[in-house]
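Q: Generate coordinates for the sequence data below:
(2 chains)
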There are 2 protein chains.
Amino acid sequence: MKGFRDFYPKEKRISNYIFNTWKEVALNYGYEEIDMPILEETKLYNKSGDEIPAQIYRFKDKSKRDVALRPETTPSIARMIKNNPNLKKPIKWFSISQCYRYEQLQKGRGREFFQFNLDYLGVESMQADAEVITTLIKIFTSFNLSENDFYIRISNRKLLNDLYKEYKIEKTKEVSRMLDKKGKIGDAEIREQLEDFGLAKEQVTALFNIFKIKNLNEIKIESKGLDELKELFSILKDYNLDKFIELDLGIMRGFDYYTSTIFEAFDKNKKFRALAGGGRYDNLADMPGVGYGLGDIVLTLFLESKDLLPKEASETEVFIIPINTLQKSIKIAEQLRKDNLNVSIDLLKRPISKNLEYADRKQIPYVIIIGEDELKQRKVKLKNMTTGEERLISVEDVSKVCRP
Amino acid sequence: MKGFRDFYPKEKRISNYIFNTWKEVALNYGYEEIDMPILEETKLYNKSGDEIPAQIYRFKDKSKRDVALRPETTPSIARMIKNNPNLKKPIKWFSISQCYRYEQLQKGRGREFFQFNLDYLGVESMQADAEVITTLIKIFTSFNLSENDFYIRISNRKLLNDLYKEYKIEKTKEVSRMLDKKGKIGDAEIREQLEDFGLAKEQVTALFNIFKIKNLNEIKIESKGLDELKELFSILKDYNLDKFIELDLGIMRGFDYYTSTIFEAFDKNKKFRALAGGGRYDNLADMPGVGYGLGDIVLTLFLESKDLLPKEASETEVFIIPINTLQKSIKIAEQLRKDNLNVSIDLLKRPISKNLEYADRKQIPYVIIIGEDELKQRKVKLKNMTTGEERLISVEDVSKVCRP
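A: Residues are numbered from 1 along each chain as shown, chains lettered A, B, ... in the order given. Just a heads-up that it's a prediction; the model follows:
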């Protein structure tokens, strides 16, 4: 079906590379892996904003329950924490979960995607926000991306709300939703929509000026959100991460549960939609939390555009071609497998040339040819598929050569 | 929801141990990992027998397509192969995929489970069946299970059909379905059902005698299935795997697509339902295939009953407790992370005792305490949480001690 992906070995290898990189960074920062059901009760997504609930794959199960294929993972995490009051704080979790959204199909947007989620719960301090954002930056740099390739835009919901108040803007939810279209539709159109909605020209201009602010010191109001942002930027500067971050009060995030810090990661060329997004949600899980989601589809396209995806290579290290020696060759294969080599063996009794072609296409680095003559000498013929070099060696020496 | 599992870090660690073992064996035998959508068109499961289609989570999506949460993976694999005629034979694939079945809830039966699937396609010879069964045995032995713990029952559909013919039994599909209840309900009841269905007493007795056969030489009819089984048993004997296998013409497998070899893995104490099941399906994927599925739920219960699950241990190797040195301690944490240590750090500014208790509960093996005095000496206090031993060492030496 359109919007759903089959992962053949080549695509799965790339997918595993991405998952492993996510996982390594999360473990490196002391986060523990969790997993949760793909199917949840639909009501769990009440706080997921307006866009997501409309895109949910939902249906009635055989007990007439209204169930949903999860469109995101944060609500499940909050549920897991509420269900288990004995968990020791802080809670540092990550997960790699497939999510489903019935979206309009376009480049970088499927109907399923894998989402890496990382969450830090139980800590109010901006130090947690800083650590969480640091892991996101570390993930990108682990893919060999630099500050020339990506950046993180950061804002704060409390500050934005205080600014709305300052300019006497009401119905902030609706206003935010219109502003969220910034970059997708033209500024003039957004201005028009805001004015049609009842905002004065001066209010609209004030809003657009806010989004141009690149330095927190330009903001002169009293605001807890401003203090939080200042602290967060100061910590990240202290970690030498300021080159990766940018103040942008124009980012909105579609989720109603964020209460403070919000952030989004983008490619510097703005060729792709957001790579990742997250924020602080202090009222969702009976304790303060901050985290983000990072999907695999846009990231893979982005890495591909930078030629940063690993080249195809087989996990199979040795391919055995028996020449009328199948039973004995299988025993040699077993011996090599015990030496921890990944070994495949031809069972089709094809000619050598066909088998070499197969091994070459599969990018298997070594081929072993076992004929009766070799067996008599208790040796095998080992061919290095990269150099073409062939040598006669004893079975015991194969693993030393193939995995030096 | 009942029947769906949340994986907290402890459960996820066990799950990862099981997945990694599956994966290692599959790679060791030269299989490549694939993945496929959880959502498929419902009609894909036409050949999945009678039981599974009734258990499918199915619904209409927003385009009114009849879609299903996959109840098994073999049909998706067949679809992937049909969709990609350029794949080089043989095809050796494995996958670890979550599957969904709306079943009656009971011990060892949830409504979702992870299934390891391993398939060998493009080879007609029983050598492929033997390799596939070998990987299944290797998986069990990799979990430290022995021939005293599990065994594989093997049969062959062609042979069973020839035996049905020999005894003039018709409506073989219905008969097989009744026989499939063997072990779940009493033999007397099955005999009665078969007689009610129209079988003569002698036919029923003949059937029950067939199921007692433990040696292929006792079967005296002409049958391709018999030849195949003899070859398969002879190959597995040659691999010294005969201690793990048993002839059992009474196993049925609920799937219509099997055409030859069928097999199921059981615990020797018959405490659990089948651990794994598979067989040869020569008409499903435009090419011959043989494979099996192995679920995680029964396997986990089985390993638990044998005390073979790994003990809880954190992937986090070091927990840092800063004493009024947070900013500097975070930089030390970063340095240790660059040395590839998995490091967490307290951001809650809790007293040492609270923090030690937390690290202990999380089973983190090392704690580092960083006060101003230590910093002045450019050292940290390292505590081994297992032995209780404390020492003052330089940051550069931490990784040598913690991961020797």
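
Q: Can you tell me the closest non-neighbouring residue to A:K362?
A: A:S314 (5.1 Å; CB to CB, 6 or more residues apart in numbering or on different chains). Using the backbone N, CA and C atoms, a C-beta is placed for each residue, glycine as well.

Q: Please identify the helix or strand for the residue in the stretch 1-150 of chain A that chain B sits nearest to.
A: Closest residue of the stretch 1-150 of chain A to chain B, CB to the nearest CB: A:G30 (2.6 Å). For A:G30, there is no host helix or strand (DSSP states H and E).

Q: Pull the residues that contact the lowest-mean-pLDDT helix or strand in chain A.
A: Here the helix or strand of chain A ranked lowest by mean pLDDT, DSSP states H and E is helix A:51-55, holding a mean of 77. The contact list for helix A:51-55 (CB atoms under 8 Å, 6 or more residues apart in numbering or on different chains) reads A:Y45, A:N46, A:P71, A:E72, A:R101, A:Y102, A:E103, A:G254, A:F255.

Q: strand partners of the very next helix or strand once past that helix, parallel vs antiparallel please.
A: Scanning forward in sequence from helix A:51-55 by DSSP H and E, the next helix or strand is strand A:57-60. Strand A:57-60 has its sheet partners listed here by DSSP bridges as strand A:66-69 (antiparallel).

Q: quick one: buried residues of the next helix or strand after the strand it pairs with?
A: Note on strand A:66-69: by DSSP H and E, the next helix or strand toward the C-terminus is helix A:74-82. By neighbour count on 16 or more other CB atoms under 10 Å in any protein chain shown, the buried set for helix A:74-82 is A:T74, A:P75, A:S76, A:I77, A:A78, A:R79, A:M80, A:I81.

Q: Packing partners of the helix or strand just after helix A:74-82?
A: Going down the chain from helix A:74-82, the next helix or strand is strand A:91-100, by DSSP H and E. Strand A:91-100 sits against helix A:9-28, strand A:32-33, helix A:74-82, strand A:112-121, with contacts defined as 3 or more CB pairs under 8 Å, 6 or more residues apart in numbering or on different chains; DSSP states H and E.

Q: Could you list the paired strands of strand A:91-100 along with their orientation?
A: strand A:32-33 (parallel), strand A:112-121 (antiparallel).

Q: Partner strands of whatever helix or strand comes next after the first one and their direction?
A: It stands for strand A:32-33. Under the assignment DSSP H and E, the closest C-terminal helix or strand after strand A:32-33 is strand A:39-41. Strand A:39-41 has the following strand partners under DSSP bridges: strand A:66-69 (antiparallel).

Q: what does the model give the residue in the stretch 301-404 of chain A that chain B sits nearest to for pLDDT?
A: Chain B sits closest to A:S344 of the stretch 301-404 of chain A, with a gap of 2.6 Å, by CB to the nearest CB. pLDDT recorded at A:S344 is 97.

Q: Quick check: end-to-end length of stretch A:286-300?
A: With CA to CA, to the nearest Å applied, stretch A:286-300 spans 35 Å between its terminal residues.

Q: Return the residues of the stretch 151-300 of chain A in contact with chain B.
A: Residues of the stretch 151-300 of chain A lying close to chain B by CB under 8 Å from any CB of the partner chain are A:I235, A:D238, A:Y239.

Q: Could you list which of those belong to helices?
A: If you go by DSSP state H, those have A:I235, A:D238 in helices.

Q: got a winner among the residues of the stretch 151-300 of chain A next to chain B for most neighbours?
A: A:I235 (21 neighbours; other CB atoms under 10 Å in any protein chain shown).

Q: Just give the nearest non-adjacent residue to that residue, would you?
A: A:I235's closest residue in space is A:A130 (CB to CB, 6+ apart), at 4.2 Å.

Q: In which helix or strand does that neighbour reside?
A: Using DSSP H and E, A:A130 sits within helix A:126-142.

Q: which residues touch the following helix or strand past that helix?
A: Sequence order places strand A:150-156 as the next helix or strand after helix A:126-142, per DSSP H and E. By CB under 8 Å, 6+ apart, the surrounding residues in contact with strand A:150-156 are A:133, A:136-137, A:140, A:225-226, A:228-229, A:232-233, A:244-251, A:260-268, A:275, A:302.

Q: Just the buried subset of those residues, written out for ChimeraX, thanks.
A: Buried subset of these, written as a ChimeraX selection, criterion 16+ other CB under 10 Å:
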select /A:133,136,137,140,225,226,228,229,232,233,244,245,247,248,249,250,251,260,261,262,263,264,265,266,267,275,302
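
Q: which residues does the residue nearest to A:I235 contact?
A: By CB under 8 Å, 6+ apart, the contact set of A:A130 is A:L232, A:I235, A:L236, A:Y239.

Q: mind checking pLDDT for the closest residue to A:S399 other than its chain neighbours?
A: Take A:S399 and drop its neighbours on the chain: the residue closest to it by CB to CB, 6+ apart is A:D339, 3.9 Å away. pLDDT recorded at A:D339 is 93.

Q: Show the backbone phi and psi for A:D339.
A: Main-chain torsions, A:D339, degrees, to the nearest 10: phi -80, psi 10.

Q: what's the distance between the nearest residue to A:P90 once chain neighbours are set aside and A:M287?
A: Leaving aside its chain neighbours, A:P90 sits nearest to A:G122 (3.9 Å; criterion: CB to CB, 6+ apart). Distance, A:G122 to A:M287, by CB to CB, to the nearest Å: 5 Å.

Q: where do the contact lists of these two overlap?
A: Joint contacts of A:G122 and A:M287 (CB under 8 Å, 6+ apart) are A:K89, A:I91.
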